[in-house]
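Peer 1: Sequence plus the predicted model coming up.
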Amino acid sequence: MDLSGYQRRRSSPALFLSGRKNMAMEVTQVLLSAQSIDSTVRNHAEETLKQIQEQNLPNFLLSLSGELSSEEKPVESRKLAGLILKNALDAKEQYRKYELVQRWLSLDVAVESQIKACLLQTLASPVPDARSTASQVIAKVAGIELPQKKWPELIGSLLSNIHQVPPHVKQATLETLGYMCEEIIPEVVDQDQVNKILTAVVQGMNANEGNTEVRLAATRALYNALSFAQANFSNDMERDYIMRVVCEATLSPDVKIRQAAFECLVSIGSMYYDKLAPYIQDIFNITSKAVREDEEPVALQAIEFWSSVCDEEIDILEEYGDSFAADSDVPCYYFIKQALPALVPMLLEMLLKQEEDQDQDEGAWNLAMAGGTCLGLVARTVGDDVVLLVMPFIEGNITKPDWRQREAATYAFGSILEGPSPEKLTPIVNVALSFMLTALTKDPNSHVKDTTAWTLGRIFEFLHGSTVETPIITPANCQQIIMVLLQSMKDVPNVAEKTCGALYFLAQGYDDVAPPSPLTPYFQEIVQSLLNVTHREDAGESRLRTAAYETLNEVVRCSSDESAHLVLELVQVIMAELQKTLEAQKLSSDEREKQSELQGLLCGCLQVLIQKLGSSEPTKYAFMKYADEIMNLFLRVFDCRSATVHEEAMLAIGALAYATGPNFANYMPVFYKYLEMGLQNFEEYQVCAVTVGVVGDICRALEDKILPYCDRIMTQLFKDLSSNQLHRSVKPPIFSCFGDIALAVGENFDKYLMLAMPMLQSAAELSAHTSGADDEMIEYTNLLRNGILEAYSGIFQGFKNSTKTQLLIPHAPHILQFLDSIYVEKDMDDIVMKTAIGVLGDLADTLGSNASSLIQQSLSSRDFLSECLSSEDHLIKESAEWASIMGSGFHSRESVMMASQPFLKDLRSERVESGVRVGDDIDEWKNHAECIFCGRSTYC
């Protein structure tokens, strides 16, 4: 495609607006004014652009594309025109993105064609910024149109540019191809076009390509195009060629090309792990040289390659175990184990490449950090084999006068604590622990102390707790450890923050210990030390205040009954702290932000305190005297305009509802408006999601006392589900909330069935099939399925023993069809499987004999039940056993009682704790003449 023709034939952007030339000049000036340092001028220009867009969108988009393509216009106005055009095609929010896509597709074909012509023309511009912006906009348009089978000539037009003489046209085209591959999924492009794209890209990467910018654009484009290359990587000759070109690019004289080439290798290591074997030795040689000799950006990517291979092997070993059948689809090639003798020394060298200020910079990432991270992944991949290779480095450097050597040795030790067996590590840790406690307070270098505190946290996380046979912490060293940690919390913020983390894992290890807890004698001192940390003037640095509150929460959560009176006293302290933040006035914006953060932390702390004290009757009774005051504080917090604070306050109120039970009804008249505000908060969707969860908490607390508020709550939930503006992650909890409400109000839920059941059926049909979906979509689909199933479960149980159960019979066929569909798909996770088989039991239990013929007509209920009964997951198996009992007939009342009561006693307890009630009417089961799953007269 000869773009010079576009250059000659180009229409003036003045033609794209009424008013012609003067209007085009006006748009240019408005775009420049929108970048003014004068806020008044800038705001007026932004408002003008908004008005033009609203008055005549097609002309507005045409004018922007004309501005971008015009060589007569200033670079600044061209760049902004392109940016606005791009933002008119895409958005982060799904609902907004959908609206923009529909708006573009509704444009007149002639308008679309003119805009696209201007964009393609701009790829020939001598101005780099204009070309780059046009590349991004073309990709956005392609992302909309190619899936709709529109703009079929685009890829051909772009590929014809590859043969253009001006290198900058070739560079811009390759950049466009890269962005386009990022925007679309491989299925949109047929294999012939994929082959042509890859050919153009790989040729552009070739060492004989004389233009550096072209080669860089091609290398970056390959990174995005790799997901399209499945078929090509399955062809030995094509794969060899691609790998050769990528490896050659890692040796380019240009550092940016080398970095981009290693980024391609990282992606290949993840996407095509099973194709790496023929190249792994060459890749090791290339990466090893880069790590030791190249510039840091390149060396970091070279290390990242080995981290990506570790990730793949860890996933394979976790999913499939150590043994693989000869025909296994994803065998483990044990690349890391093979490379271990050379890989580990290389990574240990990198640990000595620290930067002086790395502990103060939260976003720091350097060779030492990358090396340590990769070493940790290596340890997780190969386990015990890494220990002997690392220990000489630790022993040789841990006492050296140079702080870098001491810190590197400590970092190496901390990095290998996850992966190797406790039997291998425990003797080493027992020897090292005393030395590390001394280093934490006595080492003169803060970097060493920082890493020492982090390593102690790793020791307590992985080698301390009830599951570890040989305890690291004993009565002999417990006091010393605690005293050293409390002393270290007075250190500089970054060291104190890591020490809080160590104390967090120390407390967590005593979570399920039999009383008395070893922490009990020190509980008060630990709590006071943590409160002191939160009051430090420098607590805002290095996340110190947040770490202190998180650790305080864990110490409280894992405390034993002997400390209950101290936990009760802490309630008053935290309430006073929250009260103080609510009284502060005339704060600057920075101070208000800090205040909001503190309020969120305090609400989170109160939530943990409420949960702890509400978990047993004696402490719950003692706590209740504070309930009114706490609720009033939460209500005042809602007057603050901070999403984070609202989220934490909502969670705390959910805990309060659970603790106060039916008495929470006293707070509903004043609290309801905030509940409704949360359900309407589409913009801050996390708040909306938390509020939906709190509705469930309140339903469990109030049961049928929630009835006066149900109409308004259900109306809002229906609106939420119908909205395109609400983030999709909130919708599964809403469906689950239907079940909570139905459980609470029982047959009174009948008035909502007319709307709720069609919504559930529609969502069920959407979630039943996941063909072609990526991992992220499958994960979301399973969340959606689980929400739908929990709704069905709650509705069935809510109507149990009701005179209105017949209202559910018409919906049973599509529910069974949904269960059949997700069983056939074979991609449901364990949570969905457990809930699904529970729904089958609920349906049989509630509908009784009415369910018999329906279930027998189900295509897969019997197979599904059989599979769940043989599951290794005890929760799935228990739900399946319960479902079997619900669907089985017995010859006598005695056999019913004998077969079911021991099991139901445990199951009822479990399901009630999770907010699910089990029907008590065992008599009904004896009326089942046969098993409704298989039609036989015996237990299936």
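Peer 2: Thanks, I have it.

Peer 1: what's the average pLDDT for stretch 677-685?
Peer 2: When pLDDT is averaged over stretch 677-685, the result is 88.

Peer 1: so how far is the first residue of it from its last?
Peer 2: Stretch 677-685 has an end-to-end distance of 12 Å (C-alpha to C-alpha, to the nearest Å).

Peer 1: Residues contacting that stretch, please?
Peer 2: Residues from elsewhere that reach stretch 677-685 (C-beta atoms under 8 Å, 6 or more residues apart in numbering): 638, 643, 646-647, 650, 687-688, 690-692, 694-695, 713, 716-717, 720, 723, 725-727, 729-730. Every C-beta, even on glycine, is put in place using the N, C-alpha and C of the backbone.

Peer 1: In helices, which of these fall?
Peer 2: Among those, the members falling in helices (DSSP state H) are 643, 646-647, 650, 687-688, 690-692, 694-695, 713, 716-717, 720.

Peer 1: coming back round to it: just the buried residues of the contacts of stretch 677-685.
Peer 2: Buried by 16 or more other C-beta atoms under 10 Å: 638, 643, 646-647, 650, 687-688, 690-692, 694-695, 713, 716-717, 720, 726-727, 730, out of the contacts of stretch 677-685.

Peer 1: And the strand or helix carrying E304, what's buried?
Peer 2: Secondary structure assigned from DSSP states H and E places E304 in helix 296-320. Of the residues in helix 296-320, 298-314, 316-317 count as buried by neighbour count, 16+ other C-beta under 10 Å.

Peer 1: Pass me the low-pLDDT residue ranges in the stretch 751-900 of the chain, would you?
Peer 2: Low-confidence segments of the stretch 751-900 of the chain (pLDDT under 70): 770-773, 887-900.

Peer 1: All the helices of it, in order from the start?
Peer 2: 753-768, 775-798, 812-825, 830-847, 852-857, 861-869, 874-886, 893-913 (DSSP state H, counting those that start in this stretch).

Peer 1: got it, and the stretch 201-350 of the chain?
Peer 2: 212-225, 230-233, 236-249, 255-271, 280-293, 296-320, 335-350.

Peer 1: Check those for me and report the most buried one.
Peer 2: Highest mean neighbour count among these (mean count of other C-beta atoms under 10 Å): helix 212-225, with a mean of 25.

Peer 1: how big is the angle separating that helix from helix 255-271?
Peer 2: 10 degrees (axes from the mean of the first three to the mean of the last three C-alpha atoms, to 10 degrees).

Peer 1: And for helix 212-225, what's in contact with it?
Peer 2: In contact with helix 212-225 (C-beta under 8 Å, 6+ apart) are residues 167-168, 170-172, 174-175, 177-179, 181-182, 197-198, 200-206, 209, 242, 246, 249, 252, 254, 256-257, 260-261, 263-264, 267.

Peer 1: The same query, at a cut-off of 7 Å, please.
Peer 2: 167, 170-171, 174-175, 177-178, 181-182, 197-198, 201-202, 204-205, 209, 249, 254, 256-257, 260-261, 263-264, 267 (C-beta atoms under 7 Å, 6 or more residues apart in numbering).

Peer 1: Let me know the angle separating it from helix 236-249.
Peer 2: Going by the same axes, to 10 degrees, helix 212-225 makes 130 degrees with helix 236-249.

Peer 1: May I have helix 212-225 exported as CSV, CA atoms only?
Peer 2: The C-alpha coordinates for helix 212-225 follow below in CSV (Å, rounded to 0.1, in the frame of the first residue of the first chain):
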residue,chain,number,x,y,z
THR,A,212,17.8,-0.3,14.5
GLU,A,213,14.4,1.2,15.0
VAL,A,214,12.9,-1.3,12.6
ARG,A,215,14.6,-4.2,14.3
LEU,A,216,13.4,-3.0,17.7
ALA,A,217,9.8,-2.5,16.6
ALA,A,218,9.9,-6.0,15.1
THR,A,219,11.3,-7.6,18.3
ARG,A,220,8.6,-5.9,20.4
ALA,A,221,5.9,-6.9,17.9
LEU,A,222,7.0,-10.6,18.2
TYR,A,223,6.5,-10.4,22.0
ASN,A,224,2.8,-9.6,21.4
ALA,A,225,2.5,-12.0,18.4
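
Peer 1: Let me know the average pLDDT across the helix or strand harbouring V573.
Peer 2: Using DSSP H and E, V573 sits within helix 564-583. The average pLDDT within helix 564-583 is 93.

Peer 1: In that helix, which residues are buried?
Peer 2: Result for helix 564-583 [16+ other C-beta under 10 Å]: buried residues 564, 567-568, 570-571, 574-575, 577-578, 581.

Peer 1: wait, what's in contact with E312?
Peer 2: 269-270, 273.

Peer 1: who's in contact with the helix holding V573?
Peer 2: 523-524, 527, 556, 559, 595, 598-599, 602, 605-606, 609, 612-613, 619, 622-623, 626, 629-630, 633, 636.

Peer 1: In helices only, show me those residues.
Peer 2: Going by DSSP H, the helices hold 523-524, 527, 556, 595, 598-599, 602, 605-606, 609, 612-613, 619, 622-623, 629-630, 633, 636 from these.

Peer 1: and the closest residue to G654 other than its chain neighbours, what element?
Peer 2: The shortest distance from G654 to any non-neighbouring residue, by C-beta to C-beta, 6 or more residues apart in numbering, is to D697 (3.8 Å). Using DSSP H and E, D697 maps to helix 685-702.
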